[in-house]
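> No sequence on hand, only this structure:
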């Protein structure tokens, strides 16, 4: 996360990337790293969605669509006749 444009302005981020690509040592701002760590620890950043355990809306939508499809196919088969 530290190596993102959220925490490093474009020029600094590009310079850090250049150093990493060349295998040069890079230095990190210990205070900023501590701040990011604290934000992650206390979940001040919306990194992990706080959705309840279980099935999501998307999953239930898919299950419902499959159920409707199965019923429609069953009705078509029954109405087609012998």
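Ah, there it is. For clarity, every value in this text was computed on a predicted model and none was experimentally measured.
> Please enumerate the helices of this protein.
For the chain, the helices identified by DSSP state H occupy 10-22, 30-41, 57-80, in order along the chain.
> Go through the shortest one and flag the buried ones.
Translated: helix 30-41. By neighbour count, and taking 16 or more other C-beta atoms under 10 Å as the criterion, the buried residues in helix 30-41 are residue 36. Any C-beta I mention is one placed from the backbone N, CA and C, and that applies to glycine too.
> now that helix: how far from the chain's centre is it?
Between the mean C-alpha point of helix 30-41 and the mean C-alpha point of its chain there is a distance of 20 Å (C-alpha atoms, centre = their mean, to the nearest Å).
> how about the helices of the chain, which one is nearest residue 3?
Set against residue 3 and scored by C-beta to C-beta, the helices of the chain come closest in helix 10-22, at 6.2 Å.
> what does that closest one contact?
Counting by C-beta atoms under 8 Å, 6 or more residues apart in numbering, the neighbours of helix 10-22 from elsewhere in the structure are 3-5, 8, 25-26.
> Looking at those, which are in strands?
Helix and strand membership here follows DSSP state E; of the contacts of helix 10-22, not one is in strands.
> By neighbours, which of those wins?
Highest neighbour count within those, by other C-beta atoms under 10 Å: residue 8, with 17 neighbours.
> so it sits right up against residue 2, yeah?
Yes: with contact taken as C-beta atoms under 8 Å, residue 8 and residue 2 are classed as touching, separated by 7.3 Å.
> now the helices of the chain in CSV, with mean pLDDT?
Formatted as CSV, the helices of the chain follow (pLDDT from 0 to 100):
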stretch, mean pLDDT
helix 10-22, 88
helix 30-41, 86
helix 57-80, 89
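> Which members of the contacts of helix 10-22 define the maximum pairwise distance?
Pairwise across the contacts of helix 10-22, and taking C-beta to C-beta, the largest span is found between 5 and 25, at 22.0 Å.
> one step back: between the contacts of helix 10-22, which sits nearest residue 38?
Top of the list for closeness to residue 38, among the contacts of helix 10-22 and by C-beta to C-beta, is residue 4 at 16.7 Å.
> quick one, what contacts that closest one?
With contacts taken as C-beta under 8 Å, 6+ apart, residue 4 has the following neighbours: residue 13.
> Okay then, goodbye and thanks.
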